[in-house]
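>>> when you get a sec, could you give me coordinates for this:
(one chain, ligands or ions: 1)
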Amino acid sequence: MTLLEVKDLHVHYRTLKGVVRAVEGVTFELGRGEALGIGGESGCGKSTLAFALMKLIPPPGRIVKGKVILDGKDLTGLPEDVLRKEVRWKEVSMVFQGAMNALCPVFTIGDQLAGPLMYHWGMSRREALERAAEALEMVGLHSDMLRRYPHELSGGQKQRVVIAMAILLNPKLIIADEPTTALDVIVQAQIMNLFKKLKKELSSSLVFITHDLSLIADIADKVAIMYGGKLVEFGPAEEVFIEPKHPYTHLLLSSIPRIDRRTKLTWIPGTPPDLRNPPPGCRFWPRCPHAMDICKKEEPPMVELGRGHRVLCHLYA
Ligand code: SF4
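The predicted model follows:
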């Protein structure tokens, strides 16, 4: 059953140097309990898309077109006070990039976890702290943490606290924006195992955003690849990883080292497009090894390949 539908979403930033078209025409859907991995290079619009799903785009950004429908409710049409009281944290929560920035340095972990419970569920402070201790236990932390301040915690512990915050109110959807960035590989593996455990134990759907496709392969049921603000490939994880269709997905996967194959590592020549002035036609043509004349003039169509797998490319039109 579908939980999240994103329809033709456009997010623009109006700057003094022009309009940055950060997200353009993004459409996808996600079922209940499913995990979606969104990948692509830095600046491709992944984080902007994540913030748009919570309608938290910072100015001068704005959703200029499209819909985000969560459990039948169009979030793009809701006023800010309704979003704050009824939607954020209760229905959809977010694990922000950089746990240190997401925690307030002058409040204890207990205060920071109890706040949303008292505000949204009307709990007393005592009840809220009990529920906060349960959430900490779910992410592998002792309830002693409730009395500590963020600076007393390691990077991995802070990231676990932020994840506990995201699951506190049993939201239907959890968005994790680069949740393992800035963590060493051991802690990164522990956090990935924690996400996998929570995915099994909770019924929430997960949107996992990262530039590291190997992390997506580890957790996702569906994969979305973004390039230059556009969704260029979307489909079941197994299909996209085993038989990628878009030339960009192909190149991204070929640039990941594999210990089971002695294949030559490749890289993607060139740089991502300037989103104030993207190239005409397909945004990937200046870097695409299969570019044809039509690619330089006409925007490619989204081609449905079956079983929910689709690709934005003239090669399949
Ligand atoms: Fe390459 Fe053309 Fe496909 Fe774009 S539309 S990815 S340039 S083949």
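
>>> can we go C-alpha only for contacts and neighbour counts from here?
Noted.

>>> can you show me the helices along the protein?
Secondary structure of the chain (DSSP state H): helices at 46-53, 80-82, 99-102, 109-121, 125-138, 155-167, 185-201, 213-219, 237-242, 247-254, 293-297.

>>> distance from the first one to the middle of the chain?
In terms of Cα atoms, centre = their mean, to the nearest Å, the gap separating the centre of helix 46-53 from the centre of its chain is 7 Å.

>>> list the buried ones in that helix?
With burial defined by 16 or more other Cα atoms under 10 Å, the residues of helix 46-53 counted as buried are 46-53.

>>> for the longest one, same thing?
Along helix 185-201, these residues count as buried under the neighbour rule (16+ other Cα under 10 Å): 187-188, 191-192, 194-195, 198-199.

>>> show the pLDDT at the residue of the stretch 1-150 of the chain found nearest the ligand.
Per Cα to the nearest ligand atom, Gly40 is where the stretch 1-150 of the chain lies closest to the ligand, at 14.0 Å. pLDDT recorded at Gly40 is 93.

>>> now do Ser203
pLDDT, Ser203: 84.

>>> now swap in the one 4 residues further on and tell me
Per-residue confidence at Val207 stands at 95 (pLDDT).

>>> follow-up on the earlier one: spatially, which two of the buried residues of helix 185-201 are the most separated?
Farthest-apart pair in the buried residues of helix 185-201 is Val187 and Lys199; separation 18.2 Å (Cα to Cα).

>>> in contact with Gly39, which residues?
Shown in contact with Gly39 (Cα atoms under 8 Å, 6 or more residues apart in numbering): 46, 209-213, 216, 223-226.

>>> rerun that using 7 Å as the cut-off
Shown in contact with Gly39 (Cα atoms under 7 Å, 6 or more residues apart in numbering): 209-213, 224-226.

>>> follow-up on the earlier one: could the helices of the chain go into CSV alongside distance to the ligand?
Putting these into CSV (distance: least, Cα to the nearest ligand atom, whole Å) gives the following:
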stretch, distance to the ligand
helix 46-53, 19
helix 80-82, 38
helix 99-102, 35
helix 109-121, 45
helix 125-138, 43
helix 155-167, 36
helix 185-201, 31
helix 213-219, 19
helix 237-242, 15
helix 247-254, 5
helix 293-297, 4
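
>>> which one of these lies closest to Pro269?
The nearest among the helices of the chain, by Cα to Cα, is helix 247-254 at 9.8 Å.

>>> tell me which residues in that closest one are buried?
Under the neighbour-count criterion of 16+ other Cα under 10 Å, helix 247-254 has 247-249, 251-254 buried.

>>> okay, those residues in a markdown table with pLDDT and distance to Ile63 next?
Below are those laid out as a markdown table (pLDDT from 0 to 100; distance: Cα to Cα, whole Å):
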| residue | pLDDT | distance to Ile63 |
| --- | --- | --- |
| Pro247 | 97 | 29 |
| Tyr248 | 96 | 26 |
| Thr249 | 96 | 26 |
| Leu251 | 93 | 30 |
| Leu252 | 92 | 28 |
| Leu253 | 91 | 31 |
| Ser254 | 87 | 34 |
